[in-house]
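S.K.: this is a predicted model, with the sequence first.
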Amino acid sequence: MTKRILMYLALAVAVLTGCKGKDKEKILPTISGKAGEVAVVCSKVEWESEPGSTIRALLAAEVPYLPQVEPMYDLFNVPQQAFNKVFQVHRNIIIINTDKKIEKPRFSTWTDVWASPQLVIQIDAPDGLRAAEVVAKQGNKILALLERTERNRIISNINSFENAELRKPVNDMFGGSPCFPKGFTIKKTADNFMWISYEPAYTIQGILIWKYPYTGEADFTDEALAAKRNEITKEQIPCTTEGSYMILNPDIFPGYRTLDYKGRSIAELRGLWEAYNDFMGGPFISHSFLTPDNQYVITLDGFVYAPRYDKRNYLRQVEAVLYSFDWNNIPEEEIN
């Protein structure tokens, strides 16, 4: 059965290699499956032993900084003999291929093999134990691939259904703008501050944007960014009861990392917010970076309030909005 999967995969890759541009897009169906879902193709024995347990430890680990336990990804096992056309069009596929004839373990990735936009990861190894070792060794790469692929899908959808009316006022105030999906509206504006929100029944996905003069590298420490967020949200984000406002959860300090994206050096905070003197809370993520002239710090902050629902996918959606930010009318060569 494993040979049949390899035959399907080799044929699909060969066909796509011969297709270019729009012809490639025409022959591929749209992906299936829910956001954050991964199909793991392997035998039941492998799923219940080292390869499966290693994949679950990596991909089903708890998402940090959520108010309740949620896995990073929802996994399900597809035995090789069941890997038919229904599952071949799934959005994220990991194939475990074990064969004693394989002398050297391999880690391979493809995009848009059976559907689009699809991610396929394959681990080839002589046995399950060696396959598990490959998964462990390539763990960070697997997580990064899935994170980027899921995010790019959301950004693509946002671009297709943009509320273009929001771009101009955000550009005018900050010199650049994220891409906002339809349904988002401006909730509040103030000096160097804007609150844009999507608020259907029982949920809120908010994007806060603010800027302030840059004074030095100390502005980008986790303590400085957290203090600035509390300062801004206390002033600008009232909650439902009188005297209440948004603050950082005082018991859980946000996680912090730096990254480079689209020529911007970004300081990221990820954590939990709550309402002072009120019963509200949820996760947030923020990106802070310098304006091209190095005169101001701009912060994009996405938060979620969804007391009736899981938060993981809502947070990934607002995170994708942050990543969609582009400067207005600045040549690409000047920001890279």
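M.R.: Ah, there it is.

S.K.: count of residues packed around the spatially closest residue to V318 that is not a sequence neighbour?
M.R.: Closest residue in space to V318, ignoring its immediate chain neighbours: G302 at 3.1 Å, by Cβ to Cβ, 6 or more residues apart in numbering. To be clear about C-beta, it is placed using only N, CA and C from the backbone, and glycine gets the same treatment. Using other Cβ atoms under 10 Å, G302 is surrounded by 25 other residues.

S.K.: test my guess that G302 contacts L315.
M.R.: Yes - using Cβ atoms under 8 Å, G302 is in contact with L315, at 7.4 Å.

S.K.: which residues are common contacts for these two?
M.R.: I285 (Cβ atoms under 8 Å, 6 or more residues apart in numbering).

S.K.: let me see the contact set for I142.
M.R.: Applying Cβ under 8 Å, 6+ apart, the residues near I142 are 58-59, 94, 121, 135.

S.K.: okay, and it sits in which element?
M.R.: Element membership for I142, per DSSP states H and E: helix 139-160.

S.K.: roughly how far out does that helix sit from the chain middle?
M.R.: Centre-to-centre, helix 139-160 and its host chain are 6 Å apart (Cα atoms, centre = their mean, to the nearest Å).

S.K.: just stretch 64-75 next, same as before
M.R.: Worked out by Cα atoms, centre = their mean, stretch 64-75 lies 13 Å from the chain centre.

S.K.: how about it, which residues are buried there?
M.R.: For stretch 64-75, burial by neighbour count (16 or more other Cβ atoms under 10 Å) applies to 65-67, 70, 72-75.

S.K.: what about it, how long is it end to end?
M.R.: End-to-end span of stretch 64-75 (Cα to Cα, to the nearest Å): 18 Å.

S.K.: same thing with stretch 302-314?
M.R.: 10 Å.

S.K.: correct me if wrong, but the residue nearest to V318 is in a helix.
M.R.: No - G302: not assigned to a helix; according to DSSP: H, G, I helix; E, B strand; the rest coil it is strand.

S.K.: tell me the bridge partners for it.
M.R.: Per DSSP bridges, the residues bridged to G302 are I207, I285.

S.K.: pLDDT at it, what is it?
M.R.: pLDDT, G302: 98.

S.K.: for N329, same thing?
M.R.: pLDDT for N329: 62.

S.K.: only the buried residues of stretch 275-284, if you could.
M.R.: Result for stretch 275-284 [16+ other Cβ under 10 Å]: buried residues 275-276, 278, 280-284.

S.K.: and what of stretch 96-116?
M.R.: Neighbour counts over stretch 96-116 (16+ other Cβ under 10 Å) mark 96-98, 105, 107, 110, 112-116 as buried.

S.K.: equivalent analysis for stretch 163-173, please.
M.R.: Neighbour-count burial for stretch 163-173, counted by 16+ other Cβ under 10 Å, picks out 163, 166-167, 170, 173.

S.K.: repeat for stretch 127-142
M.R.: Counting neighbours by 16+ other Cβ under 10 Å, one finds that the buried residues in stretch 127-142 are 127-128, 130-135, 138, 142.
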